[in-house]
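Participant: Provided below are the primary sequence and the corresponding predicted coordinates.
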Amino acid sequence: MRPGPLNLITDIAGFRVGNAADPVLKSGVTVLTSDMPFSASYSVMGGAPGTRETDLLEPDKSVEGVDALVLSGGSAFGLAAAQGVMEALAEAGRGFAVHSVRVPITPAAIIFDLLNGGDKTWSVNPYPALGRIAYEDAGTVFGIGSHGAGTGAQTAMHKGGLGSASLVLADGLTVAALVVANPMGSVATPSGRHFWAAPFEVGHEFGGLGTDPAPGLQPLPASRKAHAMAQQGNTTIAIVATDAQLTKAQCKRLATAAQDGIARAIVPAHSPHDGDLVFAAASGAKPLDLPAVQLSYLGHAASVCLSRAIARAVWEATPAPGDTLPTFRSELPG
């Protein structure tokens, strides 16, 4: 397996990603979309999720394709970002056909970033406008780190961010991940100098620091984020995607398998204070020859991509005025 040419989720032909952010708000929105509806489902393993239209993604529900997936900051306020995306899609004539009308399908998930030092004293909810801007910005190249929905993300010890990674499998299928890393847990090992995801790194995509040399189980340091926020909210939200032709049921299995990528890259993961959620999306460009076998490898690749994307999100985070946590790179020696 090797990364695609961009090492981004847009290595999957047809998918585009757009970002929008407000640096004063310290929050933003990220949108994944395509010119055609695509299959999607999801998996939730955190205890405090915030979502919109995820019930439609269950395999037994009637809607077969979605028009966009929305990742947003802002806690429950951020779910309104999907409204801005929906309105832009409607203007473009997109949506699920119901007789003479079309209803764009835009499932969404949010992170809690209301206590990250940004100005949250808005009089009008800013997220619908940010959602529209992110949708209109969608392309094949996009920023990671402190961009889009990752603008105000935080981990236990460092700034979080937006991350992405891809893999091309031996059979030619491509798998990729897009993530907003904002967990209660830490992406760095107790030393603060290595990533939990280090065993899965390709090249030096998040510093090439290697695995932590400390042997055995190490005690976790007290969380800076928990002290500052009193554990009021967290969450890692992600999209894993492939160019394989998958049903909604197969997408749900892909999303479930990809959750392992969160557990391998964040300690602790899936806590009562996190809303950990993974969407899975399939463009449908390439039929599967051996579905049972290939789906197993797709799930493994998706989890590896997600672990790498989480570490890349933190590695690429940049400092900004008013931050309440340092970036990972700022604490490395030298």
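Facilitator: Cool, the structure landed.

Participant: after the lowest-mean-pLDDT helix or strand in the chain, next one along is what?
Facilitator: Taking mean pLDDT, DSSP states H and E as the measure, the helices and strands of the chain show their lowest mean at helix 224-229, namely a mean of 67. Of the helices and strands lying after helix 224-229 in sequence (DSSP states H and E), the nearest is strand 237-244.

Participant: Return the list of helices and strands in contact with that following strand.
Facilitator: If you count contacts as 3 or more CB pairs under 8 Å, 6 or more residues apart in numbering; DSSP states H and E, strand 237-244 packs onto strand 66-72, strand 174-181, helix 248-265, strand 277-286, helix 291-315. For the C-beta atoms, the positions are set from N, CA and C on the backbone; glycine is no exception.

Participant: Of those, flag the one that's most buried.
Facilitator: Greatest average neighbour count among these goes to strand 174-181 (a mean of 32), per mean count of other CB atoms under 10 Å.

Participant: Mind listing the strands that one pairs with, and their directions?
Facilitator: strand 161-168 (antiparallel), strand 237-244 (antiparallel) (DSSP bridges).

Participant: Pull the contacting residues for the residue positioned nearest the centre of the chain.
Facilitator: With distances taken as CA atoms, centre = their mean, the residue of the chain nearest its centroid is V179 (2.0 Å). V179 sits next to L162, G163, S164, T236, I237, A238, I239, L306, A309, I310, A313 when contact means CB atoms under 8 Å, 6 or more residues apart in numbering.

Participant: change it to 10 Å
Facilitator: If you count contacts by CB atoms under 10 Å, 6 or more residues apart in numbering, V179 has them with 9, 30, 71, 144, 149-150, 153, 160-165, 236-240, 258, 261-262, 265, 278, 305-313.

Participant: quick one, the longest strand along the chain and strand 237-244 angle?
Facilitator: Among the elements of the chain assigned as strand by DSSP state E, the one spanning the most residues is strand 27-44. Angle between the axes of strand 27-44 and strand 237-244 is 70 degrees (criterion: axes from the mean of the first three to the mean of the last three CA atoms, to 10 degrees).

Participant: Quick check: buried residues in strand 27-44?
Facilitator: Buried residues in strand 27-44, counting neighbours by 16 or more other CB atoms under 10 Å, are found at 27-34, 37-44.

Participant: so where's the stretch 101-250 of the chain uncertain?
Facilitator: Low-confidence segments of the stretch 101-250 of the chain (pLDDT under 70): 226-233.

Participant: hey, C-alpha coordinates of stretch 255-267 in PDB?
Facilitator: Presented in PDB, the C-alpha positions along stretch 255-267 are these (Å, rounded to 0.1, in the frame of the first residue of the first chain):
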ATOM      1  CA  ALA A 255     -17.100   3.100   9.200                       C
ATOM      2  CA  THR A 256     -17.200   0.600  12.000                       C
ATOM      3  CA  ALA A 257     -13.800  -0.900  11.100                       C
ATOM      4  CA  ALA A 258     -12.300   2.600  10.700                       C
ATOM      5  CA  GLN A 259     -13.100   3.400  14.400                       C
ATOM      6  CA  ASP A 260     -10.100   1.300  15.300                       C
ATOM      7  CA  GLY A 261      -8.000   4.100  13.700                       C
ATOM      8  CA  ILE A 262      -9.300   6.500  16.400                       C
ATOM      9  CA  ALA A 263      -8.500   4.000  19.200                       C
ATOM     10  CA  ARG A 264      -4.900   3.500  17.800                       C
ATOM     11  CA  ALA A 265      -4.100   7.200  17.500                       C
ATOM     12  CA  ILE A 266      -5.900   8.700  20.600                       C
ATOM     13  CA  VAL A 267      -5.600   7.600  24.300                       C
END
